[in-house]
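*Asks:* Can you look at this prediction? I've put the sequence above it.
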Amino acid sequence: MKTSSEEGPLHQRLGAEFRRRIEVGEWPEGATVPSEAQLCEEFGTSRGPVRQALAQLRADGHLVGGRGKPPVARRVTPSQPFASLMSFTQWAESIGRTPGQHTVEVARRRASPEAAARLGLDEGAPGVDLVRLRHLDGVPAMVERSTFALDVGLHLFTVDPDEGSVYDALTSCGVDLHRARHTIDAVAADPQDAELLGVDPGQPLLRVRRLAYTGDGRPVEYADDRYLPSMATFTIENTMDGRTVAARGGTADTRTPREEQQ
């Protein structure tokens, strides 16, 4: 059986494969998807797991139609709330998706002027750079670039960044990651973005710049994450007793109390 994952119940693996086909255009948006009988024959399984997988895709909004009409594919852009914005892995798993990553680089070098300024480092001070391509169900979704303060980033040479959440790995090494501040804007894909994400240079991307702090207020990571807009959106939830801070100008700085507690 050909699926994008070999772990988990069959209906979940089928559902992940069906979502992948919709997202990469193998099942084009607005097109009728194969029948249950065709899918059973292709995957060598009974109707039960196929029906469960299709039902989940209907619930997720990836399939529309009904009342005797064949199901039609529909692309759904997953939304990432601020409560899970620090961890791509946690967000993906919370919405039933399979996160993945390919590490492009882990390197000790002089921090860029912007990263040094954000992290409170002296000009020319060393840091550790991490570049990864992140996936949802095997489909490229985001290019992640982070610069860590040297004492924190050195832990990255003792772990495998391809094995899951870097934040979980750093926390297990004793790093006190407590909260983060995020700035969201748009940016044109540079040549590396374009190559990794499979898009044309200059294509608009959603950019999330993140400054992560320890519990005592020390900044230890400055990140520049660039998402395909078709793969992620972001939501901010306000309450009557909450607050949202926004600044006008070239960039917007928007936070909620939930973000401050991360």
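*Replies:* Received it, and whenever you're ready, just let me know what you need.

*Asks:* model confidence over stretch 111-129, on average?
*Replies:* When pLDDT is averaged along stretch 111-129, the result is 94.

*Asks:* which intervals of the stretch 51-200 of the chain have sub-threshold pLDDT?
*Replies:* For the stretch 51-200 of the chain, applying pLDDT under 70 flags the ranges 66-68, 76-86.

*Asks:* which residues in it form strands?
*Replies:* Remark: strands assigned in the stretch 51-200 of the chain by DSSP state E, counting those that start in this stretch are 63-64, 72-73, 79-81, 99-110, 126-136, 139-149, 179-188.

*Asks:* Report the strands that pair with the last one, each with its relative direction.
*Replies:* Based on DSSP bridges, the pairing partners of strand 179-188 within the sheet are strand 204-213 (antiparallel), strand 252-253 (antiparallel).

*Asks:* Indicate which one of the strands of the stretch 51-200 of the chain is closest to Glu26.
*Replies:* Counting by CB to CB, Glu26 lies closest to strand 72-73 out of the strands of the stretch 51-200 of the chain; the figure is 9.3 Å. C-betas here are computed from N, CA, C, even on glycine.

*Asks:* What is that closest one packed up against?
*Replies:* strand 63-64 (3 or more CB pairs under 8 Å, 6 or more residues apart in numbering; DSSP states H and E).

*Asks:* Can you give the contact residues for the strand it packs on?
*Replies:* Outside strand 63-64, the residues that touch it by CB atoms under 8 Å, 6 or more residues apart in numbering are Val33, Leu54, Leu57, Arg58, Pro71, Val72, Ala73, Arg74.

*Asks:* As a markdown table, the strands of the stretch 51-200 of the chain with distance to Leu39 and mean neighbour count would be great.
*Replies:* As requested, the strands of the stretch 51-200 of the chain are exported to a markdown table (distance: least, CB to CB, whole Å; neighbours: other CB atoms under 10 Å):
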| stretch | distance to Leu39 | mean neighbour count |
| --- | --- | --- |
| strand 63-64 | 12 | 18 |
| strand 72-73 | 13 | 20 |
| strand 79-81 | 28 | 16 |
| strand 99-110 | 24 | 15 |
| strand 126-136 | 22 | 20 |
| strand 139-149 | 20 | 23 |
| strand 179-188 | 38 | 16 |
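
*Asks:* Since that was my last question, I'll sign off now.
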